Every structure is written in C-alpha cells, then in structure tokens.
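In: build me a model from this:
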Amino acid sequence: IRFAAYEQLKKMLQDSDGKLTPARQVIAGTAAGSLEAILWITPCERLKTLRQTQIGVQNQVFTTWHSSLRLIAEQQGVAGLWKGLTPTLCRNAMASGMRF
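Out: Okay, here's the model as predicted:
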C-alpha cells in the first residue's frame, strides 16, 4: 500500500520538469505512510494486540483472527478496528515521511 501510494503521490507532486523537491518527497512519504496506517496497519495491530493480551489466559475470548473480527464488530462496531489510530498514524506517517 505504502509504495504504491508513494509512487502515485510522487507523480502528483512533481513539477513540470518531473522533479520532486525534498519537501514534496517528505509530503508524499508522510501521506503514503498515513494511508497505509489507516487502511492496513491499525486494524492489524488492533487484532494482534487483542490476541497478545490473552497470552496465558485460561478462557481466551479472541482465539482466532476471524473470531476476533467478529467480536470487535459485535461489541464495538467496525470502527473498533481503528482504536489506536492516532498514535499508529503519527508513528507511521513520520517514519514514512523521513524514509522516502
């Protein structure tokens, strides 16, 4: 997601000569990292974190990825997958912005 988004954003931000200033590279990287955090990383980390909190617990509630998705949707709505979006978004956007 990040690399495809970055390439598209780079094309959109290029000047008429096809060049990209360092500032625009950071903008493209930050936006690509943000998109990745919203679409993929936050929901996956939410599921991972819920499963990790149950290590060593006798009666686990979140036993599989599928059951975890179902329980979150039932208890918190689909938006529950994006719990923790803000810190994940900040981390990923900054890291991607600096990397590209």
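In: any idea how far Ala73 is from Ser96?
Out: According to Cβ to Cβ, to the nearest Å, Ser96 and Ala73 sit 29 Å apart. Every residue, glycine included, has its C-beta placed from N, CA and C.
In: of those two, which one has the most company?
Out: Set side by side, Ser96 and Ala73 show more neighbours around Ser96, with 24 against 13, by other Cβ atoms under 10 Å.
In: mind listing what's buried in the helix or strand encompassing that one?
Out: Taking DSSP states H and E as the definition, one finds Ser96 inside helix 85-99. Of the residues in helix 85-99, those buried under the neighbour-count criterion (16 or more other Cβ atoms under 10 Å) are 85, 88-89, 92-93, 96-97.
In: just the pLDDT for the residue nearest the centre of the chain.
Out: Against the mean C-alpha coordinate of the chain, by Cα atoms, centre = their mean, the closest residue is Ala37 at 1.5 Å. You'll see Ala37 listed with a pLDDT of 96.
In: what sits against it?
Out: Taking Cβ atoms under 8 Å, 6 or more residues apart in numbering, we find Ala37 in contact with 85, 88-89, 91-93.
In: give me that answer again for 7 Å
Out: 88-89, 92-93 (Cβ atoms under 7 Å, 6 or more residues apart in numbering).
In: could you find the closest non-adjacent residue to it?
Out: Asn92 (3.9 Å; Cβ to Cβ, 6 or more residues apart in numbering).
In: wait, that neighbour touches Ile41, no?
Out: Yes - Asn92 lies in contact with Ile41 (Cβ atoms under 7 Å); the separation is 5.9 Å.
In: which other helices and strands contact whichever strand or helix holds Ile27?
Out: Using DSSP H and E, Ile27 sits within helix 22-36. Counting contacts by 3 or more Cβ pairs under 7 Å, 6 or more residues apart in numbering; DSSP states H and E, helix 22-36 is packed against helix 2-13, helix 85-99.
In: let's have the ones you listed in JSON lines, adding distance to Lys48 and mean pLDDT.
Out: Below are the helices and strands packed on helix 22-36 laid out as JSON lines (distance: least, Cβ to Cβ, whole Å; pLDDT from 0 to 100):
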{"stretch": "helix 2-13", "distance to Lys48": "18", "mean pLDDT": "94"}
{"stretch": "helix 85-99", "distance to Lys48": "11", "mean pLDDT": "93"}
